[in-house]
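> Just a sequence and a predicted model for now, questions to come.
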Amino acid sequence: MKKLWNVIGVLLSVCLLAGCGQEPTATNRNLKDMEVDQYVTLGDYSNLSVTVAPATVDEAQWDELLLAVYQSYVTKENGGVTNRPVEMGDTVIIDYVGKKDGVAFEGGTASGADLTIGSGGFIEGFEDGLVGVMPGSTVDLNLTFPENYRNTDLAGQGVVFTVTVHYILPTADLMEDSVVAALGVPDVSTVEELRQYVYNYLLEGAEANYRYNVQNAIMEQLLGQSVVGELPQSFVDSYNEGIYNSLAASAMNYGIDPGTYAGMMGMSSEDYVSHYSRLQANQDVLLQAIANQENLKVSDEELQAKLEEEAAAANTTVETLLGNYDREEYRNYVMSERVMDFLMEHTQVTAP
């Protein structure tokens, strides 16, 4: 469902629009009744061939995620290492309070924080000062902030960190079934069962990514060998808001503004929106043209059933699920999936 509203750079996103026999507008979206055939000359889509790497699970990523999931459920009483002192490379769970002249300073206090000794995450001397400390112990670390520290009130100043080491997180060779049983995952109560569970999760993601890559390769070929004429500007412009919102969301993930993000691709934000709006519009009318050619349809009954299924999975109502979008937009989403399923059945996929 999430990809329905995510349109940036994704050739298979789903803001499908149109206009019931009239020129489509941003508020009248109904591709199934748009005369798309007058804009599209289809290439041969019945015998496509694409090259895509198969879905695989990286073993290092598998091991890393397994340990991360396991460690997230470790407590001092259940799986935490408490019978030896802290060593370089350990990840410890700590509480700490930093004080300057006996007064706690802002940002210097935390509870239940995890710290890998030797990672350089704290000021010089903090991590080294915990080496040799037994879990359950509290130590005072007399340290000095660097002269160029970003907080000028603390730069070059001496402080005292009072640190309590609760326990050390176990490494992979110390994983225990008792900790796994606390996860509450159905049919997962041992380390080996958790390992298989994590593998299945990663494989599911790899297969979803594989499907996307195949669809993307198919769409790239279709756009290259088909001709899409000049579409009504109002139709193209009706994509602008969704494209811009996705641009802004992507930029936010990097902590930058939309203009800067678009600039990383050599475009202004206006050119970015214009480019991807047109690309999206071309893709959508092309998919609808194939649906028309193959007589692929989504009935009202199928649409309602699909909406109810998605709403139930999200534990919400159909109306809440749709939000500001209407049923025709969702019908277009379901149709695009149906067309892509058809195309994938008629495409030969080979590994590189």
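Received it, and whenever you're ready, just let me know what you need. Source: prediction; values computed, not measured.

> Run through who's touching the longest strand seen in the chain.
The residue-count maximum for a strand in the chain (DSSP state E) belongs to strand 103-116. Applying Cβ atoms under 8 Å, 6 or more residues apart in numbering, the external contacts of strand 103-116 come out as 89-99, 121-122, 127, 130, 151, 153-154, 159, 161, 166, 169. For glycine as for every other residue, the C-beta is placed from the backbone atoms N, C-alpha and C.

> Give me the PyMOL select line for the residues you listed, limited to the buried ones.
To isolate the buried subset of the contacts of strand 103-116 in PyMOL, counting by 16 or more other Cβ atoms under 10 Å, use the following:
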select buried, resi 90+91+92+93+94+96+98+122+127+130+154+159+161+166+169
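
> about what we covered before: quick check: buried residues in the longest strand of the chain?
By neighbour count on 16+ other Cβ under 10 Å, the buried set for strand 103-116 is Phe105, Gly108, Leu115.

> any idea how far Lys100 is from the second one?
If I follow you right, that is Gly108. Here the criterion is Cβ to Cβ, to the nearest Å. By it, Gly108 lies 8 Å from Lys100.

> Compute the number of surrounding residues for Ala206.
Burial of Ala206, expressed as a neighbour count using other Cβ atoms under 10 Å, amounts to 17.

> which residue sits closest to it in space, ignoring its chain neighbours?
Using Cβ to Cβ, 6 or more residues apart in numbering and skipping the chain neighbours, the partner closest in space to Ala206 is Ala55 (4.0 Å).

> Glu308 now?
The spatially closest residue to Glu308, leaving aside those adjacent along the chain, is Val318, at 6.2 Å (Cβ to Cβ, 6+ apart).

> what sits against the one you found?
Counting by Cβ under 8 Å, 6+ apart, Val318 touches Leu307, Glu308, Ala311.

> Return the subset of these lying in helices.
When these are checked against helices (DSSP state H), the matches are Leu307, Glu308, Ala311.

> what's the burial count for the last one?
Ala311 has 17 neighbours, counted by other Cβ under 10 Å.

> mean confidence score for stretch 324-342?
In this model, stretch 324-342 carries a mean pLDDT of 86.

> Mind listing what's buried along it?
325, 328-340, 342.

> Ok, stretch 246-257 next?
Within stretch 246-257, the residues that count as buried by 16+ other Cβ under 10 Å are Ser246, Leu247, Ser250, Ala251.

> Keeping just the C-alphas, turn the longest strand of the chain into PDB.
What follows is the C-alpha trace of strand 103-116 in PDB, where atoms were taken according to Å, rounded to 0.1, in the frame of the first residue of the first chain:
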ATOM      1  CA  VAL A 103      26.000  21.000  37.900                       C
ATOM      2  CA  ALA A 104      24.600  18.600  35.300                       C
ATOM      3  CA  PHE A 105      24.900  20.200  31.800                       C
ATOM      4  CA  GLU A 106      22.400  19.900  29.000                       C
ATOM      5  CA  GLY A 107      22.800  16.800  26.800                       C
ATOM      6  CA  GLY A 108      25.100  15.100  29.300                       C
ATOM      7  CA  THR A 109      22.600  12.700  30.800                       C
ATOM      8  CA  ALA A 110      21.200   9.400  29.500                       C
ATOM      9  CA  SER A 111      19.700   6.200  30.800                       C
ATOM     10  CA  GLY A 112      19.900   2.800  29.100                       C
ATOM     11  CA  ALA A 113      22.300   4.100  26.400                       C
ATOM     12  CA  ASP A 114      24.300   1.600  24.400                       C
ATOM     13  CA  LEU A 115      27.900   2.300  23.600                       C
ATOM     14  CA  THR A 116      30.500   0.300  21.700                       C
END
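
> I'd like the next helix or strand past that strand.
Under the assignment DSSP states H and E, the closest C-terminal helix or strand after strand 103-116 is strand 138-144.

> how far is that next one from where the chain is centred?
Once both centres are worked out by Cα atoms, centre = their mean, to the nearest Å, strand 138-144 turns out to sit 40 Å from its chain's centre.

> tell me what that strand is packed against?
Counting contacts by 3 or more Cβ pairs under 8 Å, 6 or more residues apart in numbering; DSSP states H and E, the secondary-structure elements packed against strand 138-144 are strand 158-168.

> Need the contact partners of the helix or strand just after the strand it packs on.
Elements were assigned by DSSP H and E; along the chain past strand 158-168, the next helix or strand is helix 177-181. When contacts are defined by Cβ under 8 Å, 6+ apart, helix 177-181 is touched by residues Tyr70, Tyr73, Val74, Asn78, Gly79, Val188, Ser189, Thr190, Val191, Glu193, Leu194.

> Can you work out which other helices and strands pack against whichever helix or strand comes after helix 177-181?
Of the helices and strands lying after helix 177-181 in sequence (DSSP H and E), the nearest is helix 191-225. With contacts taken as 3+ Cβ pairs under 8 Å, 6+ apart, helix 191-225 sits against strand 48-51, helix 59-72, helix 177-181, helix 269-294, helix 327-345, strand 347-350.

> so where is this structure shaky, pLDDT-wise?
For the chain, the stretches flagged by pLDDT under 70 are 1-30.
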